[in-house]
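Q: here's my sequence, what's the structure:
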Amino acid sequence: MGFQTGGVFSCSYRIEHPDGRKAFLKAMDFEAALSDPDPAGKLKELTEAFVFERTIVELCGSRKLSRVIRALGSGTTTPPGRGVVQYLIFEMADGDVRKQLSQMTNFNLLWRLKCLHHLFVAIQQLHGSQIAHQDIKPSNVLGCGKDGHKIADLGRAWHAMIASPFDGNDCAGDTNYAPPELLYSGAAIAEEERRRGADFYALGSMIVFMFTGLRMTAALMSAMPANLRRTHTTESYANVLPELHHAFGTVLSQLRASIQNDELWVEIKALVEQTCNPDITKRGDKGHTAKIGSRFGLQRFVSKLATLCARAELGKFGAV
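A: Residues are numbered from 1 along each chain as shown. Have a look, this model is predicted:
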(Lines give C-alpha, C1' and ligand atoms only; values in the text may rest on other atoms or scores of the structure.)
Protein backbone atom coordinates (compact mmCIF):
# COMPACT_ATOMS: atom_id res chain seq x y z
CA MET A 1 0.00 0.00 0.00
CA GLY A 2 1.44 3.42 -0.97
CA PHE A 3 0.87 6.67 0.85
CA GLN A 4 0.56 10.31 -0.10
CA THR A 5 2.08 12.95 2.15
CA GLY A 6 -0.15 16.01 1.80
CA GLY A 7 -1.32 15.83 5.40
CA VAL A 8 -3.56 12.82 4.69
CA PHE A 9 -2.17 9.31 4.22
CA SER A 10 -4.30 7.67 1.56
CA CYS A 11 -4.12 5.69 -1.62
CA SER A 12 -6.52 4.65 -4.34
CA TYR A 13 -7.57 1.36 -5.90
CA ARG A 14 -9.80 0.11 -8.68
CA ILE A 15 -12.13 -2.50 -7.26
CA GLU A 16 -14.71 -4.84 -8.75
CA HIS A 17 -17.90 -6.29 -7.30
CA PRO A 18 -18.47 -10.04 -7.87
CA ASP A 19 -21.25 -9.09 -10.31
CA GLY A 20 -18.74 -7.20 -12.47
CA ARG A 21 -19.49 -3.64 -11.41
CA LYS A 22 -16.35 -1.54 -11.07
CA ALA A 23 -15.67 1.29 -8.65
CA PHE A 24 -12.91 3.45 -7.24
CA LEU A 25 -11.83 3.04 -3.61
CA LYS A 26 -9.97 5.69 -1.63
CA ALA A 27 -8.42 4.17 1.49
CA MET A 28 -7.07 6.01 4.52
CA ASP A 29 -4.56 3.99 6.52
CA PHE A 30 -4.48 5.03 10.17
CA GLU A 31 -1.58 2.65 10.84
CA ALA A 32 0.67 4.95 8.82
CA ALA A 33 0.16 7.64 11.45
CA LEU A 34 2.00 5.54 14.02
CA SER A 35 5.35 6.34 12.37
CA ASP A 36 4.67 10.08 12.58
CA PRO A 37 6.61 12.08 15.22
CA ASP A 38 3.22 12.94 16.75
CA PRO A 39 1.12 9.79 16.22
CA ALA A 40 -1.80 10.95 18.38
CA GLY A 41 -1.97 14.27 16.56
CA LYS A 42 -1.71 12.58 13.17
CA LEU A 43 -4.45 10.08 14.04
CA LYS A 44 -6.69 12.99 15.05
CA GLU A 45 -5.90 14.79 11.78
CA LEU A 46 -6.62 11.68 9.71
CA THR A 47 -9.87 10.99 11.49
CA GLU A 48 -11.12 14.55 11.13
CA ALA A 49 -10.14 14.65 7.45
CA PHE A 50 -11.89 11.36 6.71
CA VAL A 51 -15.08 12.31 8.57
CA PHE A 52 -15.19 15.71 6.85
CA GLU A 53 -14.73 14.29 3.34
CA ARG A 54 -17.31 11.57 3.99
CA THR A 55 -19.78 14.17 5.24
CA ILE A 56 -19.26 16.39 2.20
CA VAL A 57 -19.53 13.61 -0.41
CA GLU A 58 -22.65 12.26 1.30
CA LEU A 59 -24.13 15.78 1.28
CA CYS A 60 -23.41 16.08 -2.45
CA GLY A 61 -25.05 12.71 -3.01
CA SER A 62 -28.13 13.66 -1.04
CA ARG A 63 -28.46 16.83 -3.10
CA LYS A 64 -27.99 14.82 -6.32
CA LEU A 65 -25.23 17.05 -7.67
CA SER A 66 -24.94 15.52 -11.13
CA ARG A 67 -21.50 16.96 -11.96
CA VAL A 68 -19.83 15.81 -8.74
CA ILE A 69 -18.36 12.30 -8.66
CA ARG A 70 -20.81 10.09 -6.78
CA ALA A 71 -19.92 8.28 -3.56
CA LEU A 72 -21.27 4.72 -3.47
CA GLY A 73 -20.45 3.92 0.15
CA SER A 74 -17.93 3.97 2.96
CA GLY A 75 -16.69 1.65 5.65
CA THR A 76 -13.85 0.16 7.65
CA THR A 77 -11.73 -2.92 7.02
CA THR A 78 -8.70 -4.61 8.55
CA PRO A 79 -6.47 -6.11 5.83
CA PRO A 80 -4.24 -9.04 6.85
CA GLY A 81 -1.18 -7.77 8.66
CA ARG A 82 -2.40 -4.17 8.84
CA GLY A 83 -4.36 -1.94 11.16
CA VAL A 84 -7.75 -0.41 10.60
CA VAL A 85 -8.33 1.16 7.18
CA GLN A 86 -11.25 3.50 6.53
CA TYR A 87 -12.40 3.87 2.95
CA LEU A 88 -14.74 5.69 0.60
CA ILE A 89 -16.04 4.10 -2.60
CA PHE A 90 -16.79 6.25 -5.64
CA GLU A 91 -18.26 5.60 -9.05
CA MET A 92 -15.67 4.55 -11.62
CA ALA A 93 -14.35 7.10 -14.11
CA ASP A 94 -12.46 6.65 -17.39
CA GLY A 95 -9.55 8.78 -16.21
CA ASP A 96 -8.77 12.44 -15.67
CA VAL A 97 -8.50 15.05 -18.41
CA ARG A 98 -4.70 14.78 -18.52
CA LYS A 99 -4.95 11.14 -19.52
CA GLN A 100 -7.73 11.83 -21.99
CA LEU A 101 -5.81 14.66 -23.66
CA SER A 102 -2.66 12.54 -23.91
CA GLN A 103 -4.62 9.97 -25.93
CA MET A 104 -5.93 12.49 -28.46
CA THR A 105 -4.26 12.81 -31.84
CA ASN A 106 -6.18 15.90 -33.01
CA PHE A 107 -7.30 19.13 -31.35
CA ASN A 108 -10.97 18.60 -30.50
CA LEU A 109 -12.49 22.00 -29.71
CA LEU A 110 -15.97 20.71 -28.95
CA TRP A 111 -14.63 18.14 -26.47
CA ARG A 112 -12.67 20.83 -24.63
CA LEU A 113 -15.59 23.23 -24.46
CA LYS A 114 -17.96 20.51 -23.24
CA CYS A 115 -15.49 19.49 -20.56
CA LEU A 116 -15.20 23.11 -19.39
CA HIS A 117 -18.97 23.53 -19.43
CA HIS A 118 -19.42 20.43 -17.27
CA LEU A 119 -16.72 21.65 -14.88
CA PHE A 120 -18.30 25.10 -14.49
CA VAL A 121 -21.68 23.44 -13.83
CA ALA A 122 -20.01 21.23 -11.20
CA ILE A 123 -18.62 24.21 -9.31
CA GLN A 124 -21.91 26.06 -9.67
CA GLN A 125 -23.63 23.07 -8.05
CA LEU A 126 -21.10 23.02 -5.22
CA HIS A 127 -21.35 26.77 -4.62
CA GLY A 128 -25.13 26.44 -4.57
CA SER A 129 -24.67 23.93 -1.75
CA GLN A 130 -22.42 26.31 0.24
CA ILE A 131 -19.31 24.35 -0.76
CA ALA A 132 -16.10 25.66 -2.34
CA HIS A 133 -13.91 22.96 -3.88
CA GLN A 134 -10.54 24.71 -3.32
CA ASP A 135 -8.50 22.13 -5.25
CA ILE A 136 -9.69 22.30 -8.87
CA LYS A 137 -6.99 20.96 -11.20
CA PRO A 138 -6.78 18.62 -14.22
CA SER A 139 -6.24 15.49 -12.11
CA ASN A 140 -9.53 16.16 -10.28
CA VAL A 141 -11.65 16.50 -13.44
CA LEU A 142 -12.74 13.01 -14.42
CA GLY A 143 -14.27 11.66 -17.60
CA CYS A 144 -17.34 9.51 -16.92
CA GLY A 145 -18.20 8.10 -20.33
CA LYS A 146 -21.57 9.15 -21.70
CA ASP A 147 -22.15 11.22 -18.55
CA GLY A 148 -19.38 13.62 -19.54
CA HIS A 149 -17.05 15.12 -16.93
CA LYS A 150 -17.38 15.42 -13.17
CA ILE A 151 -15.33 17.03 -10.40
CA ALA A 152 -13.71 14.76 -7.82
CA ASP A 153 -11.70 14.90 -4.58
CA LEU A 154 -13.54 17.03 -2.04
CA GLY A 155 -11.05 16.36 0.73
CA ARG A 156 -9.82 19.97 0.75
CA ALA A 157 -13.23 21.58 0.29
CA TRP A 158 -14.79 24.29 2.44
CA HIS A 159 -18.38 24.36 3.68
CA ALA A 160 -20.02 27.45 5.11
CA MET A 161 -21.53 25.52 8.03
CA ILE A 162 -19.31 22.44 8.48
CA ALA A 163 -15.80 22.85 9.90
CA SER A 164 -12.90 21.31 7.99
CA PRO A 165 -9.49 20.48 9.48
CA PHE A 166 -7.99 22.57 6.67
CA ASP A 167 -10.03 25.73 7.24
CA GLY A 168 -7.10 27.44 8.96
CA ASN A 169 -4.62 26.80 6.14
CA ASP A 170 -3.52 29.79 4.07
CA CYS A 171 -4.15 27.59 1.05
CA ALA A 172 -6.16 24.40 1.56
CA GLY A 173 -5.49 22.89 -1.86
CA ASP A 174 -2.47 22.34 -4.11
CA THR A 175 -0.34 25.50 -4.08
CA ASN A 176 0.76 24.78 -7.65
CA TYR A 177 -2.74 25.80 -8.74
CA ALA A 178 -3.49 28.43 -6.10
CA PRO A 179 -4.32 32.09 -6.85
CA PRO A 180 -1.70 34.76 -6.10
CA GLU A 181 -3.59 36.29 -3.18
CA LEU A 182 -3.16 33.00 -1.29
CA LEU A 183 0.52 32.66 -2.18
CA TYR A 184 1.80 36.12 -1.22
CA SER A 185 1.43 37.68 2.20
CA GLY A 186 -0.82 40.46 3.34
CA ALA A 187 -3.81 40.11 1.03
CA ALA A 188 -6.91 41.59 2.70
CA ILE A 189 -9.63 39.28 1.41
CA ALA A 190 -13.13 38.43 2.56
CA GLU A 191 -14.25 34.84 3.13
CA GLU A 192 -16.13 34.68 -0.17
CA GLU A 193 -13.04 35.90 -2.03
CA ARG A 194 -10.84 33.37 -0.26
CA ARG A 195 -13.16 30.46 -1.08
CA ARG A 196 -15.22 31.14 -4.20
CA GLY A 197 -12.65 33.56 -5.57
CA ALA A 198 -10.04 30.80 -5.45
CA ASP A 199 -12.41 28.45 -7.28
CA PHE A 200 -12.96 31.12 -9.94
CA TYR A 201 -9.21 31.43 -10.46
CA ALA A 202 -8.87 27.65 -10.77
CA LEU A 203 -11.69 27.55 -13.32
CA GLY A 204 -9.88 30.15 -15.40
CA SER A 205 -6.69 28.16 -15.03
CA MET A 206 -8.51 25.13 -16.45
CA ILE A 207 -9.53 27.16 -19.51
CA VAL A 208 -5.89 28.12 -20.07
CA PHE A 209 -4.82 24.51 -19.56
CA MET A 210 -7.34 23.20 -22.08
CA PHE A 211 -5.98 25.43 -24.85
CA THR A 212 -2.27 25.62 -23.98
CA GLY A 213 -1.40 22.81 -21.56
CA LEU A 214 -0.10 25.47 -19.14
CA ARG A 215 -0.87 25.78 -15.43
CA MET A 216 -1.88 29.39 -14.82
CA THR A 217 0.08 29.79 -11.59
CA ALA A 218 3.26 28.30 -13.06
CA ALA A 219 2.85 30.44 -16.18
CA LEU A 220 2.40 33.59 -14.09
CA MET A 221 5.49 32.83 -12.01
CA SER A 222 7.55 32.13 -15.14
CA ALA A 223 6.58 35.55 -16.50
CA MET A 224 7.47 37.33 -13.23
CA PRO A 225 10.94 38.73 -12.44
CA ALA A 226 12.82 35.92 -10.69
CA ASN A 227 13.21 37.90 -7.47
CA LEU A 228 9.44 38.41 -7.19
CA ARG A 229 8.33 34.82 -7.69
CA ARG A 230 6.48 33.44 -4.70
CA THR A 231 9.34 31.16 -3.63
CA HIS A 232 11.97 33.92 -3.87
CA THR A 233 10.45 36.93 -2.11
CA THR A 234 8.82 38.19 1.07
CA GLU A 235 7.14 41.06 -0.78
CA SER A 236 3.44 41.48 -0.11
CA TYR A 237 0.64 40.70 -2.52
CA ALA A 238 -0.08 44.41 -2.97
CA ASN A 239 3.54 45.16 -3.85
CA VAL A 240 3.83 42.43 -6.49
CA LEU A 241 0.40 43.05 -8.02
CA PRO A 242 1.70 45.37 -10.81
CA GLU A 243 4.13 42.66 -11.93
CA LEU A 244 1.37 40.07 -11.68
CA HIS A 245 -0.75 42.15 -14.04
CA HIS A 246 2.13 42.31 -16.50
CA ALA A 247 2.68 38.54 -16.20
CA PHE A 248 -1.05 37.97 -16.76
CA GLY A 249 -0.78 39.86 -20.03
CA THR A 250 2.07 37.59 -21.07
CA VAL A 251 -0.01 34.49 -20.34
CA LEU A 252 -2.92 35.92 -22.33
CA SER A 253 -0.53 36.37 -25.26
CA GLN A 254 0.47 32.72 -24.97
CA LEU A 255 -3.20 31.75 -24.91
CA ARG A 256 -3.88 33.90 -27.98
CA ALA A 257 -1.17 32.03 -29.88
CA SER A 258 -3.13 28.82 -29.31
CA ILE A 259 -6.45 30.19 -30.61
CA GLN A 260 -6.43 31.25 -34.24
CA ASN A 261 -10.13 31.97 -34.66
CA ASP A 262 -10.80 35.64 -33.81
CA GLU A 263 -14.40 35.15 -32.64
CA LEU A 264 -13.46 32.31 -30.33
CA TRP A 265 -10.50 34.28 -28.98
CA VAL A 266 -12.71 37.20 -27.96
CA GLU A 267 -15.00 34.85 -26.04
CA ILE A 268 -12.24 32.83 -24.34
CA LYS A 269 -10.24 35.94 -23.45
CA ALA A 270 -13.30 37.46 -21.74
CA LEU A 271 -13.86 34.28 -19.74
CA VAL A 272 -10.23 34.10 -18.59
CA GLU A 273 -10.04 37.80 -17.72
CA GLN A 274 -13.07 37.51 -15.45
CA THR A 275 -12.26 34.17 -13.83
CA CYS A 276 -8.48 34.28 -13.60
CA ASN A 277 -7.53 37.90 -13.00
CA PRO A 278 -4.60 37.94 -10.52
CA ASP A 279 -6.22 40.94 -8.82
CA ILE A 280 -8.89 39.39 -6.60
CA THR A 281 -10.83 42.68 -6.52
CA LYS A 282 -11.25 42.50 -10.32
CA ARG A 283 -12.10 38.80 -10.47
CA GLY A 284 -15.71 37.80 -11.02
CA ASP A 285 -18.69 38.36 -13.28
CA LYS A 286 -18.32 41.80 -14.89
CA GLY A 287 -22.11 41.84 -15.39
CA HIS A 288 -22.75 41.60 -11.67
CA THR A 289 -24.31 44.53 -9.86
CA ALA A 290 -24.02 45.13 -6.13
CA LYS A 291 -27.76 44.71 -5.59
CA ILE A 292 -28.14 41.37 -7.39
CA GLY A 293 -26.40 38.18 -6.26
CA SER A 294 -22.66 37.68 -5.98
CA ARG A 295 -19.92 38.65 -8.40
CA PHE A 296 -18.82 35.03 -8.04
CA GLY A 297 -22.06 33.72 -9.50
CA LEU A 298 -21.43 31.26 -12.33
CA GLN A 299 -24.65 31.30 -14.33
CA ARG A 300 -23.41 33.73 -17.01
CA PHE A 301 -20.28 31.63 -17.51
CA VAL A 302 -22.23 28.38 -17.69
CA SER A 303 -24.58 29.91 -20.26
CA LYS A 304 -21.70 31.32 -22.31
CA LEU A 305 -19.91 27.96 -22.43
CA ALA A 306 -23.16 26.22 -23.43
CA THR A 307 -23.48 28.69 -26.31
CA LEU A 308 -19.86 28.14 -27.35
CA CYS A 309 -20.44 24.38 -27.33
CA ALA A 310 -23.47 24.76 -29.58
CA ARG A 311 -21.56 26.98 -32.00
CA ALA A 312 -18.60 24.62 -32.08
CA GLU A 313 -20.89 21.68 -32.78
CA LEU A 314 -22.18 23.57 -35.81
CA GLY A 315 -18.64 24.26 -36.97
CA LYS A 316 -18.95 28.01 -36.52
CA PHE A 317 -15.37 28.51 -35.37
CA GLY A 318 -13.60 26.69 -38.20
CA ALA A 319 -9.87 26.44 -37.49
CA VAL A 320 -9.02 27.21 -33.90
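
Q: from residue 162, how far off is the spatially most central residue of the chain?
A: The centre of the chain sits closest to residue 136, judged by Cα atoms, centre = their mean, with a distance of 0.4 Å. Residue 136 is 19 Å from residue 162, where distance means Cβ to Cβ, to the nearest Å. For every residue, glycine as well, the C-beta is placed using N, CA and C.

Q: let me see the ranges of the strands in the stretch 151-300 of the chain.
A: 158-159 (DSSP state E, counting those that start in this stretch).

Q: just to check, residue 192 is in contact with residue 296?
A: Yes - at 6.3 Å, residue 192 and residue 296 qualify as touching, with contact defined as Cβ atoms under 8 Å.

Q: of the two, who's got more company?
A: For the pair residue 192 and residue 296, the greater number of neighbours falls to residue 296 (20 against 15), based on other Cβ atoms under 10 Å.

Q: burial of the nearest residue to the more buried one once chain neighbours are set aside, as a residue count?
A: By the measure of Cβ to Cβ, 6 or more residues apart in numbering, the closest residue to residue 296 outside its immediate chain neighbours is residue 196, 4.0 Å from it. For residue 196, the count of nearby residues is 26 (other Cβ under 10 Å).

Q: likewise residue 73?
A: By other Cβ under 10 Å, the residues close to residue 73 number 11.

Q: now do the SS call for it.
A: strand (DSSP: H, G, I helix; E, B strand; the rest coil).

Q: that one bridge partners, please.
A: On the basis of DSSP bridges, residue 73 is bridged to residue 89.

Q: isn't residue 175 up against residue 183?
A: Yes - between residue 175 and residue 183 there is a contact at 6.6 Å, judged by Cβ under 8 Å.

Q: what do these two both touch?
A: Listed as contacting both residue 175 and residue 183 by Cβ atoms under 8 Å, 6 or more residues apart in numbering are residue 217.

Q: looking at those two, which is more packed in?
A: Between residue 175 and residue 183, residue 183 has the larger neighbour count (other Cβ under 10 Å), namely 19 against 14.

Q: who are the contact partners of the more buried one?
A: By Cβ under 8 Å, 6+ apart, the residues touching residue 183 are 171, 175, 217, 230.

Q: show me which of these is closest to residue 210.
A: Distance to residue 210, by Cβ to Cβ, is smallest for residue 217 among those, at 15.6 Å.

Q: just the pLDDT for residue 243.
A: Note on residue 243: pLDDT of 97.

Q: okay, now it: neighbour count?
A: 17.

Q: and what of residue 188?
A: Counted by other Cβ under 10 Å, the residues lying close to residue 188 total 10.

Q: and residue 76, by the same measure?
A: Counted with other Cβ under 10 Å, the neighbours of residue 76 add up to 10.

Q: how about the one 4 residues further on?
A: Using other Cβ under 10 Å, residue 80 is surrounded by 4 other residues.

Q: please identify the helix or strand for it.
A: Following DSSP states H and E, there is no helix or strand that holds residue 80.

Q: least confident pick among the contacts of residue 183?
A: When the contacts of residue 183 are sorted by pLDDT, the bottom entry is residue 230 at 91.

Q: my read is that it contacts residue 184, right?
A: Yes - contact criterion Cβ under 8 Å: residue 230 and residue 184 qualify, at 6.2 Å.

Q: what residues are bridge-paired with residue 292?
A: Going by DSSP bridges, residue 292 forms beta bridges with residue 289.

Q: need the pLDDT of it.
A: Predicted confidence (pLDDT) for residue 292: 71.
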